[in-house]
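*Asks:* What shape does this take:
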Amino acid sequence: MANKFDVTQKAKDILEEALDREAVDVLANISREMQQIFTENPDPTMPDVVRIVSEYFTNDGKSEQFVTNWINTAEEHCRTRGLREEDQPKAMLSDLGVFRFMNFLMEKGLTDDQVNIVLRGAVQRANDEDNG
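*Replies:* Residues are numbered from 1 along each chain as shown. Below you'll find the model as predicted:
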């Protein structure tokens with residue numbers, strides 16, 4: 001239990017040290033946008049995922065090739081995790097959210113290790129909230 005607290009606290013410390021208020025607002029906005037996507041698509045299909053991911057990355061200025069590569073990589077990641085086919089679209093949307101968080105944190109100068117700790121802390125906190 002102490003280890004779980006340590007990860008959550010360490011994640012919080014990293015964010016407080018590395019991010020200003022504006023950055024925290026951006027992360028909150030990413031979270032709201034992803035929540036909205038899941039609200040609007042509670043049982044997404046693969047065509048839904050392709051549309052959502054394509055729209056997001058196209059609006060972000062990414063090339064069609066980037067979008068195709070991202071989708072293919074996400075699909076492969078789902079398969080290697082052993083997810084059932086019907087669970088893969090939702091997992092891919094979750095991966096989009098994680099990608100957005102990670103990309104933003106890296107743009108803000110966090111190291112791979114710091115980003116990993118922050119994501120582990122966020123997962124731990126979400127699990128604690130779901131179970132408590």
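
*Asks:* ranges for the helices of the chain?
*Replies:* Taking DSSP state H as the test, the helices found in the chain are 2-18, 21-40, 46-59, 64-80, 88-107, 112-131.

*Asks:* Off-centre distance for the fifth one?
*Replies:* Which is helix 88-107. Going by Cα atoms, centre = their mean, to the nearest Å, the spacing between the C-alpha centre of helix 88-107 and its chain's C-alpha centre is 3 Å.

*Asks:* That helix versus helix 64-80: what angle between them?
*Replies:* 120 degrees (axes from the mean of the first three to the mean of the last three Cα atoms, to 10 degrees).

*Asks:* Nearest spatial neighbour of the residue nearest to the spatial centre of the chain, chain-adjacent residues omitted?
*Replies:* Nearest residue to the geometric centre of the chain (Cα atoms, centre = their mean): residue 98, 1.4 Å. Counting by Cβ to Cβ, 6 or more residues apart in numbering, residue 119 is the residue found nearest to residue 98 once chain neighbours are left out, at 6.7 Å. The way it works is simple: take the backbone N, C-alpha and C, and place the C-beta from them, glycine included.
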